[in-house]
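Engineer: Please find the sequence and the predicted model below.
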Amino acid sequence: MTLQNGSVISTHSCSSTADKNNSLRWDLTPEEITHQTQRLIQRIKQAYDTVGSVDIGKVCFENTLQVIADAKADYAASRHVLDFPQYVSPCKEVRLASTEADKRLSDFDVEVSMRVDMFQRLIALQEKQSGDLLPESERFLGRLIKLGKRNGLHLSKDMQEEIKSISKQISELSIDFNQNLNEENTMLLFSQQELVGLAESYVNGLEKTEDGRYKVTLAYPHYFPLMKRCHVPETRRKMEMAFHSRCKDSVSPIMEVDGNHSFESQKTYTNKTKLNPAARDDTLMLFISFFTSDSPQCPNCPERVLNSRRVTRVTRRLSNIYQDVLGLRFQRVEDALVWHDSVRLYSVLDSVTGEEIGQFYLDLHPREGKYGHAACFGLQPGCLGADGKRRIPVAAMVANFTKPTSSWPSLLQHHEVETFFHEFGHVMHELCSRTRYAEFSGTQVETDFVEVPSQMLENWVWEKEPLRRMSRHYKDGSPIPDGLLDKLIASRVANTGLMNLRQIVLSKADQTLHTKDRADTAAEFAKHSEDILGIPATPGTNMAASFSHLAGGYDGQYYSYLWSEVYSMDIFFSRFKKEGILNPKVGREYRRVVLEAGGSVDGMDMLKTFLGREPCQDAFFQCKGLTQTFTEQTWH
Ligand SMILES: [Zn+2]
């Protein structure tokens, strides 16, 4: 997952290295957040007023597009200092102030998106000067005009007012939705007997009550291992019930208000921003028929593999792989002042030139009030500043991996390593981009292309050599034996049918909720689960209430996770797998063609350049085990 609308927390900026290139602050008080939000709105409004007041006969690049570009670059970085703390600040008051700031800024975003004065001047610029602009400037101008038309700026005043009012309501409800999810803190208590089957490391990592019972939260590192390994059905039943009831009472009404507007305008909008319109119902049904008819079964139980051998020190070893493949070097920024003691800041250098190309924060373990999933937050866009100098991109990876305790180190399980690779792929997308405009920096690509680079990089955790390099036995440091590695890799296609059908259930539920005038969210999810997966939802629960992708930018486009695999698998198997998964030449080319371009080039054009042909779906079906050509020979 990647979020482009994270709010900014205030962090103190730190060492001299960070001071020079990273001006983000994470130490703001709630009052400062409120005050700075107001000042930011004033500053940006003033810039846009200037554009809106240009004599329409005198518009030129410098007095319109350049002013907007500079304002957007300033706004993006300044906004995240105010709206990101809602996800990560350890202080509840700061989180609340940040959430409020996000609401005010989102309202402001809607106001800006509805400015007819700017729209008219951009149209005038396009008519007058379009052919003289640099390709990226022309793309930027075209994008602003397209967005203006989607907001109805060429329609009647009444229509514009209605769109504005609905957009504001949707953005406020989306923020409430996410805030409820972040603040979710249900805890269940179990005796030792009720936790039979769970690993010692799991039980030792749990806090206890005074009467000796164990505290189990619904955070991923608690929920997933328990559901997989606990031998007591009643314990699993209680957890499943609680997990799928998260935010049921607080969020369901929010979604139903949202549903009142049916997201119809949103749907029309998002459908037009798709990279490729192939993921309509008929495509989803095609996937369904494949997965139901031919789900491969794996003879090896992945849990046994993972139980016996966990992965340690993976973050360092993992980052070595990224550094080698993409031609980068990471350096820890010592004494960086961050939003929590456990957060680390790293500087990213080009391994050949030594130039600093970006910085990233790692915030990896759960804590109360923190964002509950794994995501990459772009915090400062990489683009040209108002002075014409390049500003480095800054991003944060926020996740919830198993926390180390005094008696147990933080050992990452294989699925956690996969999540790490995925989110770190988004971080690399953010950091490697070298666009002119903030609008196209990093992951600001077509929404259904955004998962392609991160999914592509997940492939490394299913390959022998990288797995060997990133893992050791946590006690004696010995490498993973070959036999165990083979079993782990073979387990990739275990339950493929189930996992992919679940993605289709979620995609269908997402599209349904975004296109109906009014919907019973629990019933919609239950219907798709029963129809597609053949598994009824637990009565009394509402999975949709904690389905974070329903709001916050993905609206109606959850399908892109599955759809992106078509492209990401094509990239991996057609280039990396053929020419060497650790081949720095291919990695460098990938960095240049796909990552550096950000959103300044169509995703489809990048694919054609990198692949040397039109993309195709063969690799996708092969990796799911759905074709006869899925053999060792094809893979090696
Ligand atoms: Zn993602």
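Structural biologist: Nice, thanks for sending it over.
Engineer: Let me see the contact set for G358.
Structural biologist: Shown here is G358, whose contacts under the criterion Cβ atoms under 8 Å, 6 or more residues apart in numbering are S347, V348, G382, I392, P393, V394, A395, E430, L431, C432. Placement of C-beta: from N, CA and C, glycine included.
Engineer: Count the residues that sit near the nearest residue to D482 once chain neighbours are set aside.
Structural biologist: With Cβ to Cβ, 6 or more residues apart in numbering as the criterion, D482 has its nearest non-adjacent residue at 7.9 Å, and that residue is K464. K464 is surrounded by 14 other residues when neighbours are defined as other Cβ atoms under 10 Å.
Engineer: Look up how far L411 lies from K464.
Structural biologist: Taking Cβ to Cβ, to the nearest Å as the measure, K464 falls 20 Å from L411.
Engineer: again with A47
Structural biologist: From A47 across to L411, the span is 50 Å (Cβ to Cβ).
Engineer: now the strands: where do they sit in the stretch 351-500 of the chain?
Structural biologist: Ranges of strands within the stretch 351-500 of the chain are 356-363, 375-380, 383-384, 390-391, 394-398, based on DSSP state E, counting those that start in this stretch.
Engineer: what's in contact with the third one?
Structural biologist: By Cβ under 8 Å, 6+ apart, the list of residues contacting strand 383-384 from outside reads A69, A73, R390, R391, T435, R436, Y437, A438, F440, S441.
Engineer: From what I see, the fourth one and P381 are in contact.
Structural biologist: Yes - look at R391 against P381 with Cβ atoms under 8 Å: they come within range, at 7.4 Å.
Engineer: Quick check: the residue of the stretch 51-200 of the chain nearest the ion.
Structural biologist: As assessed by Cβ to the ion, the ion sits closest to Y87 within the stretch 51-200 of the chain, at 15.5 Å.
Engineer: what secondary structure does that residue sit in?
Structural biologist: Local secondary structure at Y87 is given as helix here, using DSSP: H, G, I helix; E, B strand; the rest coil.
Engineer: Equivalent analysis for the one 10 residues further on, please.
Structural biologist: Using three-state DSSP, the three-state assignment for A97 comes out as helix.
Engineer: Let me see the contact set for it.
Structural biologist: For A97, the residues meeting the contact criterion (Cβ under 8 Å, 6+ apart) are P30, E31, I33, T34, P85.
Engineer: Recalculate using a threshold of 6 Å.
Structural biologist: Residues counted as contacts of A97 (Cβ atoms under 6 Å, 6 or more residues apart in numbering) are P30, I33, T34.
Engineer: For these, which single residue is the most surrounded?
Structural biologist: The most crowded member of the contacts of A97, judged by other Cβ under 10 Å, is I33 (28 neighbours).
Engineer: separation between that residue and P90?
Structural biologist: Using Cβ to Cβ, we find I33 at a distance of 15 Å from P90.
Engineer: Tell me, please, the helix or strand in the protein that averages the lowest pLDDT.
Structural biologist: helix 302-308 (a mean of 36; mean pLDDT, DSSP states H and E).
Engineer: what's in contact with the helix or strand following that one?
Structural biologist: Proceeding C-terminally, helix 302-308 gives way to helix 314-326 as the next helix or strand, assigned by DSSP states H and E. Among residues not part of helix 314-326, those counted as contacts by Cβ under 6 Å, 6+ apart are R329, F330, L412, V417, W460, P466, R469, M470, G587, R591.
Engineer: Counting neighbours, what do you get for the fifth one?
Structural biologist: What it means is W460. W460 has 24 neighbouring residues, counting by other Cβ under 10 Å.
Engineer: cool, the last one as well?
Structural biologist: In terms of burial, R591 registers 24 neighbours under the definition other Cβ under 10 Å.
Engineer: Would you mind listing where the stretch 451-600 of the chain has pLDDT under the threshold?
Structural biologist: 552 (pLDDT under 70).
Engineer: could you redo the last one with a cut-off of 90?
Structural biologist: Across the stretch 451-600 of the chain, the stretches falling below the confidence threshold (pLDDT under 90) are 457, 461, 464-485, 487-499, 512-522, 535-536, 542-557, 560-561, 563.
Engineer: can you list the residues of it near the ion?
Structural biologist: Taking Cβ under 5 Å from the ion as the criterion, the stretch 451-600 of the chain approaches the ion at residues E451, S454.
Engineer: what helices or strands is the one helix or strand S507 maps to leaning on?
Structural biologist: When elements are assigned from DSSP H and E, S507 belongs to helix 496-515. Where contact means 3 or more Cβ pairs under 6 Å, 6 or more residues apart in numbering; DSSP states H and E, helix 496-515 is packed against helix 281-293, helix 521-528.
Engineer: In that helix, which residues are buried?
Structural biologist: By neighbour count, and taking 16 or more other Cβ atoms under 10 Å as the criterion, the buried residues in helix 496-515 are 496-497, 500-515.
Engineer: Now find how far off-centre it is within its chain.
Structural biologist: Helix 496-515 sits 18 Å away from the centroid of its parent chain (Cα atoms, centre = their mean, to the nearest Å).
Engineer: avg pLDDT for stretch 415-424?
Structural biologist: Per-region confidence: stretch 415-424 scores 88 on mean pLDDT.
Engineer: if we can go back for a sec, show me the contacts of helix 314-326 that map onto helices.
Structural biologist: In helices, judged by DSSP state H, the following of the contacts of helix 314-326 are found: V417, P466, R469, M470, G587.
Engineer: farthest pair in the residues you listed?
Structural biologist: For the ones in helices among the contacts of helix 314-326, with distances taken as Cβ to Cβ, the pair at the greatest spread is V417 and G587 (19.2 Å).
Engineer: are any of the contacts of G358 buried, and which?
Structural biologist: Taking 16+ other Cβ under 10 Å as the criterion, what is buried in the contacts of G358 is S347, V348, G382, I392, P393, V394, A395, E430, L431, C432.
Engineer: so who does the third one touch?
Structural biologist: When you say that, I think you mean G382. I392, P393, S433, S441.
Engineer: how about the nearest residue to it, chain neighbours excluded?
Structural biologist: For G382, the nearest residue in space outside its immediate sequence neighbours is P393; the separation is 3.1 Å by Cβ to Cβ, 6+ apart.
Engineer: can you tell me which residues contact the one you found?
Structural biologist: Neighbours of P393 in contact, by Cβ under 6 Å, 6+ apart: G358, G382, E430, L431, G442.
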